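**Q** I need the structure of the sequence given here:
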Amino acid sequence: MGKSGDLECHERLEYHKSAVIAGNNFLKYFHDPTLEVRNQVDASHLSQVQENRKRLIPIVKIILFLGRQNIAFRGHRDDGPILTDSLPIKNEGNFRALVRFRVDAGDKELKSHLENSSSKATYVSKTTQEQLIECSRLVILDKILKRVTKSSF
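**A** Numbers count the residues shown, from 1 in each chain. The predicted structure follows:
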């Protein structure tokens, strides 16, 4: 007891002082999680994911449309910028034509995406088309398998 007692001596130790500070910080973050850096970073990451999904929606819709209608995707020259002032000289393919058509028809989000993204992040390359087609194939196959499993035959 007193100033020379165990509790008083322990209270003056450096590791006790840092433990008290850590405990107070824990309670502060527990009661207001928006202050924690990890949650702020995750919120930023979450908004980036949502933005990327919003950018992909028109492109995926074009891919699904072409697949559903059994229309070929690619032409003779299907690389380079899509948004240009002049019409292409060679056949760029149906996918790129539909992307251009959507932009001309007033799809502002797609136009903004194509104008403001780097050339490596537009999601319209033939490699990305193949990846999105494969993802679509897997989703469609999964849906078919679920329907077959539910059927009685």
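
**Q** just for this protein, where's the confidence low?
**A** 1-2, 33-39, 46, 76-81, 84-89 (pLDDT under 70).

**Q** for it, which helix is longest?
**A** helix 37-68 (DSSP state H).

**Q** tell me the angle of the helix or strand that comes right after that helix relative to helix 37-68?
**A** Using DSSP states H and E, the helix or strand that follows helix 37-68 towards the C-terminus is helix 94-104. Helix 94-104 and helix 37-68 are oriented at 110 degrees to each other (axes from the mean of the first three to the mean of the last three Cα atoms, to 10 degrees).

**Q** Could you double-check that residue 124 sits in contact with residue 97?
**A** No - with contact defined as Cβ atoms under 8 Å, residue 124 does not reach residue 97; the gap is 11.7 Å. Any C-beta I mention is one placed from the backbone N, CA and C, and that applies to glycine too.

**Q** More neighbours: which of the two?
**A** residue 124 (22 against 16; other Cβ atoms under 10 Å).

**Q** what residues are up against the more buried one?
**A** Listed by Cβ atoms under 8 Å, 6 or more residues apart in numbering, the contact set of residue 124 reads 59, 82, 95, 96, 99, 114.
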